[in-house]
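*Asks:* What follows is a predicted protein model with its sequence.
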Amino acid sequence: MAETNAHTEVPAGGKVMFPPFQKETFPSQLFWLAITFIALYVVMARIALPQIGAIFQARRDRISGDLAEAQELKNQSETALAAYEKALAEARGRAQSIADEASHRLNAEAEERRKTLESELNAKLAAAERTIAATKSAAMANVHAIAADAAAAIVERLSGAVPADSAVKAAVEDALEG
């Protein structure tokens, strides 16, 4: 039962050495390490790395596509904003011209109404002046008669005698002229 293998030596302490640390197994370990490394390198180079590269390329393409789309949307929004600002400026200009036109029209109408009212007032003023002049001339015509009657009444009251009409009229004329 105690079979000994040529590759397993038992040292003096009675314990078996760990196989990778045995000098006799180094060449075979190095051989299998090289074969495994080469196989892993081939698998990585032919299968895994191209797939990883494809993933990175797809991500790069998607990111650049997203950036291009974002830039296009930004350009569209800037164009829309410029069009909006232009339309807003045009609307403000039209509103200002409409307001100016309405202001000029209202000023013209107000001026026309003012002139109409002024001419009506001038006509009424002229009519009133004519009425006043007529009333004044009528009153002035009656002033002589009223003054003569008043003077005659005053003389009669003070003296008790009725004065002559011609004397009263001559005295009133002297008083009004002087």
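*Replies:* Happy to help now that I have it.
*Asks:* Break down the chain into its helices, ranges please.
*Replies:* Counting by DSSP state H, the chain has helices at residues 26-43, 49-159, 165-177.
*Asks:* Restricting to C-alpha, output the first one in CSV.
*Replies:* Extracted as CSV, the C-alpha positions of helix 26-43 are listed here (Å, rounded to 0.1, in the frame of the first residue of the first chain):
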residue,chain,number,x,y,z
PHE,A,26,8.7,22.9,-13.1
PRO,A,27,9.2,22.1,-16.8
SER,A,28,5.8,20.5,-17.2
GLN,A,29,4.2,23.4,-15.3
LEU,A,30,6.0,25.9,-17.5
PHE,A,31,4.9,24.0,-20.6
TRP,A,32,1.2,23.9,-19.6
LEU,A,33,1.4,27.6,-18.5
ALA,A,34,2.6,28.5,-21.9
ILE,A,35,-0.1,26.5,-23.7
THR,A,36,-2.8,27.9,-21.4
PHE,A,37,-1.5,31.4,-21.8
ILE,A,38,-1.4,31.1,-25.6
ALA,A,39,-4.9,29.5,-25.7
LEU,A,40,-6.2,32.3,-23.4
TYR,A,41,-4.5,34.9,-25.5
VAL,A,42,-6.0,33.5,-28.7
VAL,A,43,-9.4,33.3,-27.2
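*Asks:* angle of that helix against helix 49-159?
*Replies:* Put simply, helix 26-43 runs at 40 degrees to helix 49-159, going by axes from the mean of the first three to the mean of the last three CA atoms, to 10 degrees.
*Asks:* for helix 26-43, packing partners?
*Replies:* On a contact count with 3 or more CB pairs under 8 Å, 6 or more residues apart in numbering; DSSP states H and E, helix 26-43 meets no helix or strand. C-betas here are computed from N, CA, C, even on glycine.
*Asks:* what sits up against that helix?
*Replies:* residue 20 (CB atoms under 8 Å, 6 or more residues apart in numbering).
*Asks:* and it, which residues are buried?
*Replies:* Buried residues in helix 26-43, counted by 16 or more other CB atoms under 10 Å: none are found.
*Asks:* same question, the shortest one
*Replies:* Of the residues in helix 165-177, those scored as buried under the neighbour-count criterion (16+ other CB under 10 Å) are 168-169, 171-172.
*Asks:* quick one: average pLDDT of that helix?
*Replies:* Helix 165-177 shows an average pLDDT of 80 in the prediction.
*Asks:* What angle do helix 49-159 and it make with each other?
*Replies:* 140 degrees.
*Asks:* rewinding a little: among the buried residues of helix 165-177, list the two that are farthest apart in space.
*Replies:* Farthest pair in these (CB to CB) is 169 and 171. Separation: 7.4 Å.
*Asks:* which regions of the chain lie under the pLDDT threshold?
*Replies:* 1-14, 178 (pLDDT under 70).
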